Each structure stands twice: as C-alpha cells, then as structure tokens.
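Participant: Take this sequence and fold it.
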Amino acid sequence: MLSAHRDSDVRPLPNAEREQKQIERLQKEAEQIRQWLDKNPQDRKGAQGKVRLSNRTDNESAKMATGKGVIQGYTAVAAVDEKAQVIVDAQAHGTGSEQELLQPVVQALEAWRKEDTQYAADAGYHSKANLKALAEAGIEAFIPDNGYRKRDERYAGQERHKAKPDPLWDKSGQEKKAKRFTPDDFRFDGKTCICPAGKRLYGHGSDCTINGYRVIKFQGAQRDCLSCPLRAQCLRTPEKTKTRQVAFFQGGRTGDKIELERMRARIDNPAGRRMIARRFATVEPVFGNVRHNKRFGRFTLRGRGKVDGQWKLVCMMHNIEKLAHHGYAR
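Facilitator: Have a look, this model is predicted:
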C-alpha cells in the first residue's frame, strides 16, 4: 500500500480513475442515507425508542442476534388453535423483539375470540405493556416471565443440560467473562447493607426514584474498597472506579406491579402450569413441522410485504396438510 502511494505521487496509478468512481459512489450512498434519516426521524424505532438496525438492501428488515450470530431478517409469528393445530394467524415483522408482536396478533384474532378463549404465549412476549393491554381488554392469558422455570420444581436440574456442549455450535474456544457481584450478593435488611467482603456500606440516597421505582442506594467507603482483595469481582473497571455503588428497588409502580403479580400467581398455580405445558404441545410441533419437515429455515424474499406473504403461504401449506390428514380432502 505504501509503495502504491509513493508511485501515485510520481505518476497516476492505472486504477486511480476506478478508485475515484468508487469513492464518489460511496459518498453518494452515504448522502442518501443521511437524507433519508433526516426525513424519517421516527421510522424504524422500537417500543423503547431504540432504532432498529437495518441496511439499504432491505430497510424493513432488522439485525437480530441469534445462537449462530447476528443475521439480517424478520421474525415470523403464528397463532395456533389447540384442538387441531391449525394456524389461525401468521405474521412476519422486521424486528427481533417478540414483545412488540403480541398485540398485532391479538388484534388479528379478535374476530375468532370468544368469551372463554384463553391465550398462551412464551416468555418472549411477557412485558408490562402487554399484560396491561390484555387485562384492559378482558382477555385471559398465560404468559410466563423469565423466572418461571426457576420457581417450578418440574424444571429442577435443567442447568446441567445447559452446560452440555451444543453439537451445532462449538463454543469451547470462547472465554467466559468473570462473574461480578450483583445486588443479590449483598446482604440488605432494609436499613443496612453488607458487601461480600463483610464491609458495611453507607447510605447514598434513601429516597430516590428511578423510572418510577423507589430505590435505596448505598456506596462503599474508599478506605474499604481501595484495599479490598475482591475489587476485580466487584467493580467493572477497578482501575478507574474507586468504590462500589449498589441500589435496591423497593416494590414497583402500582399498576405495573398489580398486573405482574396477577400473571405470576396465574401461571404458578396448577391450572397455569397445565396451560404452559399444553402450549408446548400446541404450537411448538407446528414450528417443528414447518422448519424441519418442510425444510423452511429462511425467507428468500425482501421487503416486509413479500416476506409476510411468503410466511402466510408456508402456513397455508401446513393447514392444507392438516385438513387433508383429517379427511376433508375425501
């Protein structure tokens, strides 16, 4: 590269004109992106106001983190009836957040919903906004939170299965980050706080509010933290940060807490556990049939309209097969 630049100082390179055209093309594309972003400041923003990363090839798609890396694509969702495993609604959206997709499906199912209709969804759809919307609409639903399996004794010992190597993705070469102390590692009795090293932290704000939640904050003393042998496990940047701070949330917002507690009580009782187990046998086999038996593992089109149409055709194929096997074709 240095030799090429020295030669270009003496005489123009043979490909100098081609490089100049490439630079002009890239500058033109960058200017187009800037103009589009200026004219559409609210476009491609998710429920939390974060911009969904996309590209110029298909700006309706989104970058999604998967077990096999980051991909550019769409999220396909389907609503399945329990009796015959027929897909009653199918949608594809350019977002990796399932929480945003529950309400569009519920609205699409409004024509088929009866008074005794019950909805069950996995933990990816659990959010305060979704639970509140379902409660206001009078819809009985069973949506577990991320801690559901830890509270259910039927899933005891599942951690040993997670520790097994993935046959499709060898993660042995990845270094695991050192685990740092979380607020759960600190002893808090409502008034005082003791760190994992046995040192007492002093109050750093007893009446604070974060996002509508009341919190109690504590901070360690410099005389204890600077000489502590556990600094590397306690601080994210021990070479820069002098002391550790920790906050304990005291309850939650009234309306949000009510809905969260109601859903937790609903799914933790025997009826709720049965509903969660029935969901496993209702919708998961449908995705297994589409992905593995029908070998549909990726979309082949661009643009949400085309991708949504392709997903609906695939789901229609599943339904036709179901009808045929039940004798409707005779």
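Participant: backbone phi and psi for Arg236, please?
Facilitator: With angles defined as degrees, to the nearest 10, Arg236 sits at phi -70, psi -40.
Participant: and the closest residue in space to it that isn't next to it in sequence, what element?
Facilitator: Using C-beta to C-beta, 6 or more residues apart in numbering and skipping residues adjacent in sequence, the residue nearest Arg236 is Arg180, 6.6 Å away. Where you see a C-beta, it was placed from the backbone N, CA and C, and this is true even at glycine. Under the criterion DSSP states H and E, no helix or strand holds Arg180.
Participant: Now do Arg180, the pLDDT please.
Facilitator: On pLDDT, Arg180 comes in at 86.
Participant: Can you tell me how far it is from Phe249?
Facilitator: Arg180 is 19 Å from Phe249, where distance means C-beta to C-beta, to the nearest Å.
Participant: One more: Arg34?
Facilitator: Using C-beta to C-beta, Arg34 is found at 41 Å from Phe249.
Participant: all strands of the protein, in order?
Facilitator: In the chain, the strands defined using DSSP state E lie at 62-66, 69-73, 75-80, 87-93, 118-120, 140-142, 187-188, 193-194, 200-203, 208-210, 213-219, 245-250.
Participant: Confidence-wise, which of those is weakest overall?
Facilitator: When the strands of the chain are ranked by mean pLDDT, strand 208-210 comes last with a mean of 72.
Participant: before we move on, back to that, my read: the residue nearest to Arg236 touches Arg231, true?
Facilitator: No: contact criterion C-beta atoms under 8 Å: Arg180 and Arg231 do not qualify, at 10.4 Å.
Participant: Between those two, which is the more surrounded one?
Facilitator: Legend: neighbour count by other C-beta atoms under 10 Å for Arg180 and Arg231, higher for Arg231 (17 against 13).
Participant: Might you report the residue contacts of the more buried one?
Facilitator: Neighbour list for Arg231: 225, 238 [criterion: C-beta atoms under 8 Å, 6 or more residues apart in numbering].
Participant: switch the cut-off to 10 Å
Facilitator: Applying C-beta atoms under 10 Å, 6 or more residues apart in numbering to Arg231 gives the contacts 197, 225, 238-239, 241-244.
Participant: And it, how far from Phe218?
Facilitator: Counting by C-beta to C-beta - Arg231 and Phe218 are separated by 17 Å.
Participant: where does the residue nearest to the spatial centre of the chain land on pLDDT?
Facilitator: The centroid of the chain falls nearest to Ser97 when counting by C-alpha atoms, centre = their mean (5.0 Å). For Ser97, the pLDDT comes out at 83.
Participant: isn't it right up against Ala65?
Facilitator: No: taking C-beta atoms under 10 Å as the definition, Ser97 is not a contact partner of Ala65, at 11.2 Å.
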